[in-house]
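# Sequence and predicted structure below; questions after.
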Amino acid sequence: MKRFCGAITVLLSLLMSGQCLAQEQQEPPTVTEMAANEAERLERLLELEYWQVFYVDSTLQHDFQAMKEELEALQAAKVSNSSMYIAVQDKWMSKIDSTYMKLFTAQQWKAYLKSGAAKQQKARAKRKAQAEGID
């Protein structure tokens, strides 16, 4: 009986470690998947029209890809200053927000800001002011 219990324990631990390895080997989502997921989230949150979802998805696909390329260029150049990476992200997220402002109605924009975007915009502005030496 002790051997049987020991064998089951070993088998279960092997199965659990196999599941952990399978989860670790999953690839990160592609730019297209990230854009689609965010567009769907905003569609539900802001009750976007079909044409707004199309423009949001298109904007995100383009801007996420451009941001990814810039970040990869910094990485290839072996830039170790984290503020450079953050500046690139801030630049592209600001562009995305400015596009959203044009696409969304006033009510949708207000809801978008309430969903956490206003806090992110303030954090970007604060980082930009610090980088420029303005307090």
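That came in fine, so what should we check first?
# C-alpha only now, for contacts and for neighbours.
OK.
# so which helix or strand takes in the spatially most central residue of the chain?
By C-alpha atoms, centre = their mean, the chain has its centre lying nearest to Met34, at 6.9 Å. Taking DSSP states H and E as the definition, one finds Met34 inside helix 31-46.
# quick one: contacts of that helix?
With C-alpha atoms under 8 Å, 6 or more residues apart in numbering as the test, helix 31-46 has contacts from 48-49, 53, 56-58, 60-61, 64-65, 108, 111-112.
# same thing but at 7 Å, please
Here helix 31-46 makes contact (C-alpha atoms under 7 Å, 6 or more residues apart in numbering) with 53, 56-57, 60-61, 64-65, 108, 111.
# What residues sit buried inside that helix?
In terms of neighbour count (16 or more other C-alpha atoms under 10 Å), helix 31-46 has its buried residues at 31, 34-36, 39-40, 42-43, 46.
# And stretch 68-82, by the same measure?
Of all the residues in stretch 68-82, those buried under the rule 16+ other C-alpha under 10 Å are 68, 70-71, 74.
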